[in-house]
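Peer 1: got a sequence here, can you build the structure:
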Amino acid sequence: MVKILLVEDNADIANMVRTFLLFEHHTVETIADGLEAHSLLKSFAYDLIILDWQLPGMSGIDICKEYRSARGKTPVLMLTGKDSINDKILGLDSGADDYLTKPFDMRELGGRIRALLRRPTEVLPANCLTAGNLSLDPAKHLAMRDGEPVALVPREFQLFEFLMRHPNQVFTAEALLNRVWPSESAATEEALRIAMKRLRKKIDPDSKILRNVHGVGYILEVPQ
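Peer 2: Model prediction:
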């Protein structure tokens, strides 16, 4: 599961890209206003930012500059109708990692996203993940226990994938809500508790790997 912030004020393009990303099993937040996007980036973490250049409130160039100035590390793919060499240089110099001009083919967008997520700073490798008797194949959207498929609803799968990618790390409820749930959702710690309870029942009923650390948060613990 990759959490993507899509900042695009053209409704048709935003809907098209969002539909494509959801089909690829990503979590997507769509914002049409530059100032709102700038505010979100101050408070929430994302794995990829797809950023339009021309936005109401604050331009994509200014958003990118300020995000990098604040030491934001997330890859940024800039979308724009500006296709001159000088514009491309300006976009990349503002801190964007890649630059795609409109109109574009969705296949090219998908390829560029995969390339950005394969970079060394990326913490979400595409290979199959394992932890004890549990395994997860992100590409096939498949979770398994003892080699048998386990049916998970989308939020359970996203939560499971995030924990599988960060084994032996304790995450507070706030951190998990930030990384797994969309920021615009009304998710609460109680919603997380219920999701974790259902996930544990399905994949780890004996609580040997997926545990609650009392007073701290949750951990997917893999024997060293």
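
Peer 1: OK, contacts around Ser69?
Peer 2: Contact analysis of Ser69 by C-beta atoms under 8 Å, 6 or more residues apart in numbering lists nothing. No exception for glycine: its C-beta is placed from N, CA and C like everyone else's.

Peer 1: from Lys42, how far off is it?
Peer 2: Look at Ser69 and Lys42: by C-beta to C-beta, to the nearest Å, they are 12 Å apart.

Peer 1: then Tyr218?
Peer 2: To Lys42, Tyr218 is 25 Å away according to C-beta to C-beta.

Peer 1: which of those two has more residues huddled nearby?
Peer 2: Neighbours per residue (other C-beta atoms under 10 Å) separate Tyr218 from Lys42, with Tyr218 holding more: 23 against 10.

Peer 1: tell me the domain ranges of the protein?
Peer 2: Using automatic domain parsing, the domain ranges for the chain come out as 3-117, 129-220.

Peer 1: make TSV from these and add mean pLDDT to it.
Peer 2: Converted to TSV, the domains of the chain look like this (pLDDT from 0 to 100):
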stretch	mean pLDDT
domain 3-117	91
domain 129-220	87
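
Peer 1: quick one, strands of this structure?
Peer 2: 3-7, 27-31, 48-52, 76-80, 98-101, 129-131, 134-137, 142-145, 148-150, 210-213, 217-220 (DSSP state E).

Peer 1: show residues contacting the fifth one.
Peer 2: Contacts of strand 98-101 with the rest of the structure, by C-beta under 8 Å, 6+ apart, involve 75-83, 88, 91-92, 108-109, 112, 115-116.

Peer 1: make a PyMOL selection of the buried ones in these.
Peer 2: Filtering the contacts of strand 98-101 down to the buried ones (16 or more other C-beta atoms under 10 Å) takes a single PyMOL command:
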select buried, resi 75+76+77+78+79+80+88+91+109+112+116
